[in-house]
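Trainee: here is the input, now give the coordinates:
(one chain, ligands or ions: 1)
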Amino acid sequence: MKIVVIGGTGLIGSKLVTTLRNHGHEAVPASPESGVDTLTGKGLSEALTGASVVVDVSNSPTFEDAAVLEFFTTSTRNLLAAEAIAGVGHHVALSIVGTERLSDSGYYRAKLAQEQLIKQSTVPYSVIHATQFFEFATGIADAATVANTVRLAPVVFQPMAADDVANAIAGVAVGSPVNGTIEIAGPQQFRLDELVRRTLDARHDPRVVVTDPHATYFGAELSERTLVPGNDARLGETRFEDWLNHSLTGHYAGSGRDA
Ligand SMILES: NC(=O)c1ccc[n+]([C@@H]2O[C@H](COP(=O)([O-])OP(=O)(O)OC[C@H]3O[C@@H](n4cnc5c(N)ncnc54)[C@H](OP(=O)(O)O)[C@@H]3O)[C@@H](O)[C@H]2O)c1
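Mentor: Numbers count the residues shown, from 1 in each chain. Below is the predicted model:
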């Protein structure tokens, strides 16, 4: 089965391409690096020829409100139009748990707009809502940093490893379209401020995480369960401590897995 991975050079995309190939599929990474630009449409029809499935795990190069909205709406429109012409039977897109609850955030508004375009299109689809990646904890800190201080709310947080995200997407991509949303998350719950503090401390990052219930998260105030999925979420296997140890040392403690 030919599966085109838009954003196939990114964090999730590169892992997804490897996973799909390991399962015997023809996974084709598509991004500006390989001559495919979903914003302009360049290279899109050639890349989609003969594809059964398109997985969109692309991301906007900048997170500024207007630019990110332009990225997700224009690229999704171009992609869906090209898929309809090419006869693609399944559009899979990676989005975020809580998009519908975070309308004060420009980034989340853009992701919601992306999802709405997918739902209005004629192409059968599956939207995957993932929680935050462990790998993104420092990105969360960076966005919340002023001088040496990182202000974060002590809300419930259930992040997951990028490897588990890629595995879950691969399973969805080779299945039938659900024409709805599937939630995926990590196996443990934390407090957002606590998890980021632990990540920064483990990396000897000198920044201080300050607990602030009113701290904004990418422009939006959070309530207790804004970032966590419902009870039906599919849970990844990787525990935070194992991932952190692996990311620091290259080894999974006690799991027997290779680095
Ligand atoms: N961070 C989180 O915790 C989190 C949680 C849930 C969901 N998500 C979602 O996960 C998705 C993937 O995130 P990621 O961290 O894996 O992204 P990433 O590492 O930043 O990779 C982004 C990818 O998008 C490609 N891209 C950029 N502009 C493009 C264009 N005009 N046309 C085609 N491809 C383009 C890039 O290609 P080049 O390498 O060629 O530039 C790259 O392959 C995002 O949609 C994000 O909203 C993230």
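
Trainee: ok, the residue of the stretch 1-150 of the chain found nearest the ligand - contacts?
Mentor: In the stretch 1-150 of the chain, the residue that lies nearest the ligand is Gly10 (2.1 Å; Cβ to the nearest ligand atom). C-beta here means a position set from N, CA and C on the backbone, and glycine is covered the same way. Applying Cβ atoms under 8 Å, 6 or more residues apart in numbering to Gly10 gives the contacts Ser31, Val57, Ser58, Asn59.

Trainee: residue contacts, the closest residue in space to the first one that isn't next to it in sequence?
Mentor: It refers to Ser31. Leaving aside its sequence neighbours, Ser31 sits nearest to Thr9 (Cβ to Cβ, 6 or more residues apart in numbering; 4.7 Å). By Cβ under 8 Å, 6+ apart, Thr9 lies in contact with Pro29, Ser31, Glu33, Ser34.

Trainee: cutoff 10 Å now
Mentor: Contact partners of Thr9, counting by Cβ atoms under 10 Å, 6 or more residues apart in numbering, are Val17, Pro29, Ala30, Ser31, Pro32, Glu33, Ser34, Val57, Ser58.

Trainee: could you measure from it over to Thr18?
Mentor: Per Cβ to Cβ, to the nearest Å, Thr9 is found 12 Å from Thr18.

Trainee: what touches both of those two?
Mentor: Pro29.

Trainee: I'd like the distance between the residue nearest to Ser31 and Val28.
Mentor: Taken as Cβ to Cβ, the span from Thr9 to Val28 is 12 Å.

Trainee: touching both of those two, which residues are there?
Mentor: Shared contacts of Thr9 and Val28, counting by Cβ under 10 Å, 6+ apart, come down to Val17, Ser34.

Trainee: just give the closest residue to Gly8, not the sequence neighbours.
Mentor: Pro29 (2.5 Å).

Trainee: and the one you found, what are its bridge partners?
Mentor: Per DSSP bridges, the residues bridged to Pro29 are Val5.

Trainee: cheers, nothing more for now.
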